[in-house]
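1. Make a model of this:
(chains A and B)
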Amino acid sequence: MIAPGPSPLPSFVEDLLREQQDLSAVERFAQDHAAVTATSRVYRSLMPATAPGPGQQYGFEVDLDRCSGCKACVTACHNMNGLDEDETWRDVGLLVGGSFSLPVMQHVTTACHHCIEPGCMSACPTLAYEKDPVTGIVKHLDDQCFGCQYCILACPYEVPKFHAKKGIVRKCDMCSSRLKAGEAPACVQACPHEAIRISLVSVDEIRTLTVASSLLVTAPDSTHTLPTTRYVTARGLPRDVRSGDESQVHPEHNHPPLVIMLVLSQVSVGLMLAGLLAAMQLLQSAAFMLTALAWTSGLIASLAATAHLGRPWLAYRAFLGWRTSWLSREIMIFGAYQGLAGAAFTLVWWPAEWMSQLTLGVMAATVVVGVIGVYCSVKIYAVTPRPFWTFRFTAVRFFGTSILAAALASGMIGVGGPWAFVIASMMAFGKLVAESRQRHAITENRWAERSVDLLYGPLRDAWFLRCSTLMFAGVVGPAVIATLPEIPTAFVVVTVVGCLVSEFIERGLFFRAAAAPRMPGGLAA
Amino acid sequence: MSDVTPTSLSTLWETARDWLHQRDGHLTRELLLEPSRFGLGQLPNRLQPDAVAKSVCGFCSTGCNLQIHLKDGVAIGLSPSADYPVNLGMACPKGWEALAVLDSPDRATTPLLRLPSGEMRPVDWTTAVQTFVERVRRVQAEHGPESFAFLGTGQMPTEELAFLGTLAKFGLGMVHGDANTRQCMATAAVAYKQAFGFDAPPFTYADFEQSDVLIFIGANPCIAHPILWERVMLNKNKPEIIVIDPRRTETAMQATTHLAIQPKGDLSLLYGVAGVLIERGWINPEFITDHTSGFQGFADFTRDYPLDRVAQDTGLAPQQIIDLAVSIYRGKAVSMWWTMGVNQSYQGVRTAQAIINLCLMTGNIGRPGTGPNSITGQCNAMGSRLFGNTSSLLGGRDFTVPEYREEVATILGCDVDRIPQTAGWAYPEILEGVRSGKIKGLWIVATNPAHSWIDQADFLELREKLDFLVVQDMYATTETAVVADLLLPAAGWGEKDGTFINSERRIGVIRKVSRAPGQALADFAIFRLIAEAAGCGDLFREWTSPEAVFRILQRLSQGRPCDITGIAGYEQLDRHGGVQWPHPGGRDVPVVERRLFADGRFFTPDERARFLFDPVRPLPEALDDAFPLILMTGRGSVAQWHTETRTAQSAVLRKLSPQGLSIEMHPLDATRENITPQSQVVVTSRRGQVTATAFLTETVGRGRVFLPMHDSTVNQLTNAVFDPHSRQPSYKDCAVSVKPIDRAPASISRPVVASVSEKVLT
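-> Reported below is the predicted structural model:
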């Protein structure tokens, strides 16, 4: 308390600035509170009286009739759990629709559904997810995670959130530590309208009763992972309700390291196959060059994949999840492939007559392992519930890249004569047809439609570029080379580079147009 | 290797296991929850407080109490106070994020003065306040004492509002001053004052729980006041909830009945319902006779509002109007709640009074669960109404009454001649004064009219006519701050002490728990500095701290309806969970919840409440082929506050807010214009044109569109029309057209002033 008196203005300013920085006054009013807060009395009724018995687990139960969209749950979770910046483990989306005479606007609070068959857990290559055998809570082991983010793709609800600064994923654990101590989770405590509670759910019941729309109308297919959240409403929701962000088309994340990894690993397998064919025809220097190229592009592919990790120095943990994770399998298989490719390249470089059988054997084994690796790559994406990433179309994309590479490489070294270029041209044409046909084949649901909207909307320039480059460099180019007797080398080089560029564009679109099924969103992006 | 022991072997094993599968580590421990003290439950280790203090939230008028978690005397987190009678342990996202918005690169950290070159340059406080005083004096000398005006706020503690009003008017000789409360609750204040004799919202929040019929008119508490909706949800009477709103809002969704009336159909509806009640004798004659005046005139007047007319005005079926009357008649405790849908209207005062009339004639006032209840907007709009010294003299007095001026002069120990004899101009008149050249200087404190004022381009044009514009704000980046000549950096909520008065008249304390950045000073300290620099420091010798001023305010309240002389001080307010006014001296410990008018005695000279009414007026801007839709504006989402100067500083609140500007439009109206979902559209009014994304939803109703007020472009469209009594802007009824972006009509003729808005901080 400063009394200005005769002191001149500047010193009064100093006094006021000093007083402004002094926080000691608040200490006088800081107080100790009773151990049990009034809120605990309120939320006691929002928790089950007993721990889950056999065949049961905890689940969130949301009373939609009480959820008015205040989003206190989101901020309480953020603050009470000490999350960073804009990190949130709960979201509130919006459903709109209904009839003109009785329109509907329903907010929906959503977090981890602690699924019975968690997609995140089976996808994780490092065993960083655990499902508690008693409570059923799906918990993420932050220190075990190396930040591959595959769980984000594998979870139909986009629950795991990547924390770029820490290089790991984090997610809701239903405040398991609070639950253990008899406290309600942050969101349950903070909902002013008591719309969220923890209830006991029967695992068998969910297994038997789950159909695609069990969780919530407009939500991703519940049969994938068997989510345990229950949305209840006495008021009911009209069937034609749609999510607030239904018409918003935003391209998905572009994963450049994965684009590089996928294209180059598949090219590598193709080159290795061409190298094998060359070796079988005793084209030793061509075989050497191709295996060297295969090994190099395989190496770049694996470096790119490692660079994609949030914590690349923990890459060695990738094999742990091999029992369930296609990513784990892919990493192991391509690891083996790279080793074999190195051996093949060494053997070819060391041309002892007596070793040729062994060399061919190793090269063949490398190709086989590489094909299995590409198969794993296909499976990684095919098992995520995205209509754009069905097994069939993804296999055409990925194996097609290998075949195109093999055919072009063979043609260039003279293996197979013009037929190699014919095959390349046909393969490129096949890819073009498949990618265009996919648009018709996948219109069975709105997520697929969204992919089409993306390709013909925000991504149309890239999509046009993909089609035109593949048409000219992939289909026309090789056909010309196969037909005409004299072709300038420059034309061949342009064709090959054009195909490679086109494949990179295609792989970028593969990610950007893969609209993910998700929980309803609102006007927020 | 002889010293290999089982222990070191197991350590080795653990290291190897962790290397492969690590269940614990710094990342895990970062989020590990541990029991904390103070009944706060589990918290992460780094957020464990060593003390807690309580503070009322500084966003809306609900007045939730937040427990500030302190570590070494500084705030490190917060949680809603469980034992506070307002919020009962809950907070909305803005409350949860109240501390996060303080830490921002946009904060004003030093006074900034605009050079002749247009550049803003940092200056020290002495220079800043000396320049302030010198420029005020110069403008007043050149153009008269009335030519420098101030625009305040409802966001500062009462002590600071009183300081601002007193300093500006009694110290610096300003005559005209108003606050942004003009934009939110002037209508309610005037309606109460005319009807009850004093600006006295009669209710207490327990009324939400005690009604059996709740009627919400132009109010969406689910989004705008979520914690008040908490109280509605705690109502155990299975209440009938009726929502009167053109839009099917979140609150309408939760209601038992939603009456989706035509915009501005509310007044006709209320008169029509009154007519039905009177005609059927569903009124309370004893209460009317004993406690009101002017009923017969009103009864006669309502005959002009027969059902068929009201049905036409509102778009409702006659039966729906009768049903509403039946609900009011049958209800044992009927409460009616309104906010901006009523207040922000060209006939808002009469609409609020139509609500008051319904409560008076059915005796729904003074009893638990009843009342014509205005839910206020800003955290301290109520403090501003009583002690802002703008439209009423300190303590809710009238400037024009000589005895009141004498009283105030005596209490403050100042010369009575320093007190102006009129209230001075309201906000719109002040701006008109700028246009006509009568106002040449403005002092804008904690508000952002360059964003929020109706017909925004006009405001920016007016700014060019000012000789000197002072802006006092927490942030250097508000639309208004960037066009200032002098920017005074203020400390914000959480960085200063004081009291707020919430919607239910509850006075609560706010605390300094965080250090203000740089040289930012509490507005209180800035006012002290200016008083000293202006040579009127003697007038404020006693105004040394917020609590000292609180004691002055108590003296000013003595004998007034808002008498708070019985409050012992901040400590009691803190301990007691706030105290509702009135709490005159001599009373015992204040009760937790209290409402007004239990005895039916009002604050008018004859202690009777008045029936006040006027004929319904047509929409100020008729719809036509060029502008066929009514544009309503309002709260966009729960995570946004006003012009977002604060809420945009929280990463989480930003995430919870809509991205970009979306316009709500009915699918059928969209089809007529060939507008597809999520396409870009151009919204045109007679004053401006903005681009938005079409969000097609049936909830908005046919023939109208909705834009959130938080986007800085929206007020380029709105029409500067005001309520004749309250002078509150009518934000929700201008005529617009919405067209696809490639079929937009030519831009309107009046150019948007770009020269001002392009001035940026350097």
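
2. what pairs with residue A:129 across the strands?
-> With DSSP bridges as the criterion, residue A:129 is bridged to residue A:140.

3. Enumerate every residue touching it.
-> For residue A:129, the contact set (CB atoms under 8 Å, 6 or more residues apart in numbering or on different chains) comprises A:118, A:120, A:121, A:138, A:139, A:140, A:141, A:151. Where you see a C-beta, it was placed from the backbone N, CA and C, and this is true even at glycine.

4. okay, how far is it across stretch A:136-149, tip to tip?
-> 22 Å (CA to CA, to the nearest Å).

5. Give me the distance from that stretch to the chain's centre.
-> Stretch A:136-149 has its average C-alpha position 14 Å from the chain's average C-alpha position, going by CA atoms, centre = their mean, to the nearest Å.

6. and the contacts of residue A:129, which two are the farthest apart?
-> Longest distance between any two of the contacts of residue A:129 is 13.4 Å, between A:118 and A:141; criterion CB to CB.

7. Neighbour count: these two, which is higher?
-> residue A:118 (24 against 20; other CB atoms under 10 Å in any protein chain shown).

8. show me what contacts that one?
-> Each residue near residue A:118 by CB under 8 Å, 6+ apart is listed here: A:129, A:131, A:138, A:155, A:225.

9. Return a ChimeraX selection command for the buried portion of the residues you listed.
-> If you want just the buried ones from the contacts of residue A:118 in ChimeraX, going by 16 or more other CB atoms under 10 Å in any protein chain shown, the selection is:
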select /A:129,131,138,155,225
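
10. and the two most separated of the contacts of residue A:118?
-> The distance between the two most remote of the contacts of residue A:118 (CB to CB) is 13.5 Å, for A:131 and A:155.

11. picking up where we left off before, out of the contacts of residue A:129, which comes closest to residue B:250?
-> Using CB to CB, residue A:138 is the member of the contacts of residue A:129 that lies nearest residue B:250, at 31.0 Å.

12. Am I right that residue A:125 is in a helix?
-> No. The assignment for residue A:125 by DSSP: H, G, I helix; E, B strand; the rest coil gives coil, which leaves it out of any helix.

13. got a list of what it touches?
-> Residue A:125 neighbours (CB under 8 Å, 6+ apart): A:148, A:150, A:317, A:318, A:319, A:320, A:321, A:322, A:325, A:327, A:328, A:331.

14. Mind doing that once more with 10 Å?
-> Shown in contact with residue A:125 (CB atoms under 10 Å, 6 or more residues apart in numbering or on different chains): A:146, A:148, A:150-151, A:315, A:317-322, A:324-332, A:380.

15. Make a PyMOL selection of the buried ones in these.
-> A single PyMOL command selects the buried members of these (16+ other CB under 10 Å):
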select buried, chain A and resi 146+148+150+151+315+317+318+319+320+321+322+325+326+327+328+329+330+331+332+380
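
16. What about chain B: which of the contacts of residue A:125 touch it?
-> Among those, the residues within reach of chain B (CB under 10 Å from any CB of the partner chain) are A:317, A:319, A:320.

17. now residue B:214, what's its secondary structure?
-> strand.

18. That one touches residue B:255, doesn't it?
-> Yes. Residue B:214 lies in contact with residue B:255 (CB atoms under 10 Å); the separation is 8.7 Å.

19. Mind checking which of the two has more residues around it?
-> residue B:214 (25 against 22).

20. Could you measure from that one over to residue A:413?
-> Residue B:214 is 83 Å from residue A:413, where distance means CB to CB, to the nearest Å.

21. now swap in residue B:720 and tell me
-> Relative to residue A:413, residue B:720 is positioned 79 Å away (CB to CB).

22. So what's the residue count around residue B:741?
-> 13.

23. My guess is it contacts residue B:674. True?
-> No. Using CB under 10 Å, residue B:741 makes no contact with residue B:674, being 11.4 Å away.

24. mind listing the strands in the stretch 201-350 of chain A by residue range?
-> A:230-232, A:242-243 (DSSP state E, counting those that start in this stretch).

25. Please work out which of the ones you listed is packed deepest.
-> Ranked by mean neighbour count, the strands of the stretch 201-350 of chain A are led by strand A:242-243 with a mean of 22 (mean count of other CB atoms under 10 Å in any protein chain shown).

26. Leaving out sequence neighbours, find the closest residue to the residue of the stretch 201-350 of chain A found nearest chain B.
-> Proximity of the stretch 201-350 of chain A to chain B (CB to the nearest CB) peaks at residue A:247, 3.5 Å away. The shortest distance from residue A:247 to any non-neighbouring residue, by CB to CB, 6 or more residues apart in numbering or on different chains, is to residue B:677 (3.5 Å).

27. And that neighbour, what's its pLDDT?
-> For residue B:677, the model assigns a pLDDT of 91.

28. Quick check: neighbours shared by residue A:131 and residue A:155?
-> A:115, A:118, A:120, A:121, A:138.

29. Rebuild those residues as CSV, extending it with secondary structure and pLDDT.
-> Output for the shared contacts of residue A:131 and residue A:155, formatted as CSV (DSSP: H, G, I helix; E, B strand; the rest coil; pLDDT from 0 to 100):
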residue, secondary structure, pLDDT
A:115, coil, 97
A:118, coil, 97
A:120, helix, 97
A:121, helix, 97
A:138, strand, 98
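
30. Pull out the buried residues from the longest helix along chain B.
-> Taking DSSP state H as the criterion, chain B has its longest helix at helix B:125-143. Applying a neighbour-count criterion of 16+ other CB under 10 Å, one finds B:125-126, B:128-133, B:135-136, B:139-140, B:143 buried in helix B:125-143.
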